[in-house]
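In: any chance you could fold what I've pasted below:
(2 chains)
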2 protein chains.
Amino acid sequence: MSEIKQNKLKLYDSLSREKRVFEPLKSPHVGLYVCGPTVYGDAHLGHARPGIAFDIVFRYLKHLGYKVRYVRNITDVGHLENDADHGEDKIAKKARLEELEPMEIAQFYTDRYMDSMDALNVQRPSIQPRASGHIIEQMEMVSKILDSGYAYESKGSVYFDVKKYNEKHNYGKLSGRNIEDVRENTRSLDGQDEKRDGVDFAIWKNASPEHIMRWNSPWGSGFPGWHMECSAMSSKYLGNEFDIHGGGMDLKFPHHESEIAQSVAANCCEPAKYWMHNNMVTIDGQKMGKSLNNFITLDEFFSGNHNFLEQAYEPMTIRFFILQAHYRSTVDFSNEALIAASKGYDKLMKAAETLAELKSSDKSDYDVKAWANKCYAAMDDDFNTPILIAHLFDVVKAINSIKVGKMSITADDLELLKAQFNIFVFEILGFKASEKSNNSANMSGSLIDMLLKMRHQAKMNKDWATADDIRNQLTDLGVAIKDTKDGAEWEL
Amino acid sequence: MSEIKQNKLKLYDSLSREKRVFEPLKSPHVGLYVCGPTVYGDAHLGHARPGIAFDIVFRYLKHLGYKVRYVRNITDVGHLENDADHGEDKIAKKARLEELEPMEIAQFYTDRYMDSMDALNVQRPSIQPRASGHIIEQMEMVSKILDSGYAYESKGSVYFDVKKYNEKHNYGKLSGRNIEDVRENTRSLDGQDEKRDGVDFAIWKNASPEHIMRWNSPWGSGFPGWHMECSAMSSKYLGNEFDIHGGGMDLKFPHHESEIAQSVAANCCEPAKYWMHNNMVTIDGQKMGKSLNNFITLDEFFSGNHNFLEQAYEPMTIRFFILQAHYRSTVDFSNEALIAASKGYDKLMKAAETLAELKSSDKSDYDVKAWANKCYAAMDDDFNTPILIAHLFDVVKAINSIKVGKMSITADDLELLKAQFNIFVFEILGFKASEKSNNSANMSGSLIDMLLKMRHQAKMNKDWATADDIRNQLTDLGVAIKDTKDGAEWEL
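Out: The predicted model follows:
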């Protein structure tokens, strides 16, 4: 049997468009920055995707022994409608609608976002900086870009000079966009008269009189451009050059493309050694998102309270559903797929319980080390969770065979299997037994066992009426009884 | 019988030192600002006190129909050791000890503080602004104070000129301190050479070279004085004049005294119409606090894992324990008092269950309206929760008497009693049935009822062995059986 040993972790770098071996800049420290939510509405399935995808990255890197500082921002200012340079601030608009202070909206939806992530067992990042809390840092970066000559002031706003940047660098290298095409598409938009070129983007915006979220700056009263916060906050907490920058694919352009340009202009270096992008959640083939108004919030999934949903889904079902796909593939929403995920997840959790009670024997029919190696290989191949889950179901079959005596396992192998199974299922994939089963298991489980013993006794006494009565009452309570040759088993 | 009508709410204003009728500046809107935690360690019982005290204010004002914007800050920068103007930043010191970025410490303990408050069922404030996120607002206020002539620059720091302020105003009016006494006590402290007078306090501090948390300002690289954040953030989110400013009594001097002076100097008005201060939690007669290192964290209470604790205490026991005292009285920690609180709380929750099942009759022996009026009168008298709780136990006696047929109640009165009891217990006092009882109640309760019916049947059949066996097994599971003339009752 082979030893368990780890291959080199490889990850797909969206910038070089290839899988690269992961080598941190300052091992064992790893800096990870991921774009977080704009807090003006409830988190939906589309938000769960990056939350969970980068939770896996965070968990696995920590499992490998790295000390990870994970920064995920909260966008509470500067993100305008249609991701544009003009128009209303998304949060201020919501505030006006509900007659609240914008920061009250931001606080409310930040709290709710955290609750949803907690429910999905997404570990909390090391730092969750708010954009509105880092205005000075953003103004300082704007000044640096002006000093370097890659930006110009216009009517109280400051714009990044893409044409000038492109003389020496390549705006478009991450997204693969051609600047001419971008220019074509922006020419007709409102407010372009302040810019020298339609492709230029705001790094500081002059605030119109009715704009509430504003700060005094050397360029007048205004607020930072949306792309600026991630550049300023990532460099503040992780340094000018850090290891991994992550986010949704839809953020490649213009957000991440602009972040690269800003960092190069202000700090003379690209911010991240590796760029990682998760793919989208789709519904009927379209990206699920707030802009398209085709989203289902996480709370709606948990309660089942939405027209598209046939039932409520546990947070762990959602997590399992998302991890059944590789993070770079799309995940298409459907009730069928979610119901299948729920069943698969239950099967996995049941196997975890069965595993805890397995008895060892003097020989093994299952190569536990080879299995564990395959599991690590899946994770080392760009965090391939669907392959890892497939390997887990392979061992679930073995666990169930060992339980009924069709296969056997030595004490050493059993110990290793328990340890590695728990590492993959709970530590790395971040699943957890549901509250429901946890809490009831203790008390209700003992009570049901007690009733089944009494039923057994009644049968021994040929008191069929009592035996049937116990069975019927338990069935009414949702406890399914299965008689096996080793006695009765039950399931909720 | 009298109608339920509310008296005018009176609250004790610490500044005028009298109970005053509460009249908001812009009814129905109420602005409430409360000093939150310095996030460099786990929340302890001393933090639970203001959390819960002002949660009651927040809940009761909302119950009265006010639209309350509740702001509670997170101090993540500028709070130096010993609450002084010199020394190390509390958070940066902790960071150095654990080799983390200061903001990582602040995030970690902010998250844990929120979790503890959630466990205590403390409602989340409308806005929880971070001091580090409002440096611009603090610098702007420092500039205003300099412009008004009430501050001076010295070696890169800016100090508030208390002597000058006292020519027209009264620094000491809130705390009752005499400036001469304060001057006596500060003269010998380190670093006083930058100040014109020992009583002056920093509103901006020059950062020493090793100080990590720093921002560029017109006075050099530094950070705001600790008192500045509350002045800047309260005026940003509630206006220059708002309704209630709250906090612990220990913050009266120098913190709140300085806030008043800063607001008067910068905005020409005192910040709050009413000042409310909660008293301390004591342990062996001393204030429980991080500085004295005699604290027990909330997590330690919840787990029972501390030398001083004889057992674990549920979050609701802690809440009940704190609300049994008026917020302006001290609360002395002892296991005896907590165990008594736990029993009292269980009795209240049991009465809530009994109340739900009461049957009405054609006459009432209990004056529900008079009772409800007394409950409101207690709350209207400066949020007197211990008196309210005493009234609740009066009605608990009545509920239990009605249950056993010793008293009776009409359908209308029963409806009113249920509504008002739930309002006082759950909405205003913010208690909740424990998770444990909630979750198990459904399944385990039904199973236990089933077993008790079988035991009853066994007794009818004179099958004493089976009856005893069921009783013994249930006892082993922690289910206590009590035989009454109406059948068996059980309790976990």
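In: next one: whichever residue of the stretch 251-400 of chain A sits closest to chain B, what pLDDT does it get?
Out: Going by C-beta to the nearest C-beta, chain B is nearest to A:Glu314 of the stretch 251-400 of chain A, at 14.6 Å. Backbone N, C-alpha and C define where each C-beta goes, glycine included. Note on A:Glu314: pLDDT of 95.
In: does it touch A:Ile339 like I think?
Out: No. Using C-beta atoms under 8 Å, A:Glu314 is not in contact with A:Ile339; the gap is 11.7 Å.
In: which of these two has more neighbours?
Out: Each of A:Glu314 and A:Ile339 has its neighbours counted (other C-beta atoms under 10 Å in any protein chain shown); A:Glu314 has more, 18 against 15.
In: around chain B, pick out the residues from the stretch 201-350 of chain A.
Out: Within the stretch 201-350 of chain A, the positions adjacent to chain B are A:215-216, A:237 by C-beta under 8 Å from any C-beta of the partner chain.
In: just the buried members of the residues you listed?
Out: A:215, A:237 (16 or more other C-beta atoms under 10 Å in any protein chain shown).
In: pull the contacting residues for the residue of the stretch 301-450 of chain A found nearest chain B.
Out: Here the stretch 301-450 of chain A gets closest to chain B at one residue, A:Leu447, 4.0 Å apart by C-beta to the nearest C-beta. Contacts for A:Leu447 (C-beta atoms under 8 Å, 6 or more residues apart in numbering or on different chains) come out as B:444, B:447-448, B:451, B:477.
In: which of those residues lies closest to A:Tyr12?
Out: Nearest to A:Tyr12, judged by C-beta to C-beta, of those is B:Ser444 at 49.1 Å.
In: what residue ranges in the stretch 1-150 of chain A score low on pLDDT?
Out: For the stretch 1-150 of chain A, the stretches with pLDDT under 70 are A:1-7, A:81-82, A:95-99.
In: can you give me the helices for it?
Out: Counting by DSSP state H, counting those that start in this stretch, residue ranges of the helices within the stretch 1-150 of chain A are A:45-63, A:90-98, A:102-119, A:135-147.
In: which helices and strands sit right next to the last one?
Out: Where contact means 3 or more C-beta pairs under 8 Å, 6 or more residues apart in numbering or on different chains; DSSP states H and E, helix A:135-147 is packed against strand A:151-154, strand A:157-160, strand A:201-206, strand A:222-224, helix A:226-238, helix A:257-267, helix B:135-147.
In: what sits against the residue of the stretch 51-200 of chain A found nearest chain B?
Out: Proximity of the stretch 51-200 of chain A to chain B (C-beta to the nearest C-beta) peaks at A:Gly133, 2.4 Å away. For A:Gly133, the contacting residues are B:130, B:132-134, by C-beta under 8 Å, 6+ apart.
In: neighbour-wise, which of those residues leads?
Out: Busiest of those [other C-beta under 10 Å] is B:Ser132, holding 26 neighbours.
In: put together TSV for the helices of the stretch 1-150 of chain A, with mean neighbour count on each row.
Out: Formatted as TSV, the helices of the stretch 1-150 of chain A follow (neighbours: other C-beta atoms under 10 Å in any protein chain shown):
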stretch	mean neighbour count
helix A:45-63	23
helix A:90-98	18
helix A:102-119	21
helix A:135-147	22
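In: Serialize those to a markdown table and add fields for distance to A:Met228.
Out: Output for the helices of the stretch 1-150 of chain A, formatted as a markdown table (distance: least, C-beta to C-beta, whole Å):
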| stretch | distance to A:Met228 |
| --- | --- |
| helix A:45-63 | 20 |
| helix A:90-98 | 16 |
| helix A:102-119 | 17 |
| helix A:135-147 | 5 |
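In: tell me the domain ranges of chain A?
Out: With domains defined by automatic domain parsing, chain A comprises A:10-278, A:304-428, A:440-491.
In: which of the ones you listed has the highest mean neighbour count?
Out: domain A:10-278 (a mean of 20; mean count of other C-beta atoms under 10 Å in any protein chain shown).
In: re earlier: and the next element down the chain from the host helix or strand of the residue of the stretch 301-450 of chain A closest to chain B?
Out: Element membership for A:Leu447, per DSSP states H and E: helix A:435-460. Going down the chain from helix A:435-460, the next helix or strand is helix A:464-476, by DSSP H and E.
In: after that following helix, next one along is what?
Out: Going down the chain from helix A:464-476, the next helix or strand is strand A:480-484, by DSSP H and E.
In: quick one: that following strand near chain B?
Out: No. Using C-beta under 8 Å from any C-beta, strand A:480-484 stays clear of chain B, with a minimum separation of 13.5 Å.
In: and if you look at stretch A:20-28?
Out: No. Stretch A:20-28 does not reach chain B (C-beta under 8 Å from any C-beta); its nearest approach is 12.6 Å.
In: any idea how far apart the tips of that stretch sit?
Out: Start to finish, the residues bounding stretch A:20-28 are 18 Å apart (C-alpha to C-alpha, to the nearest Å).
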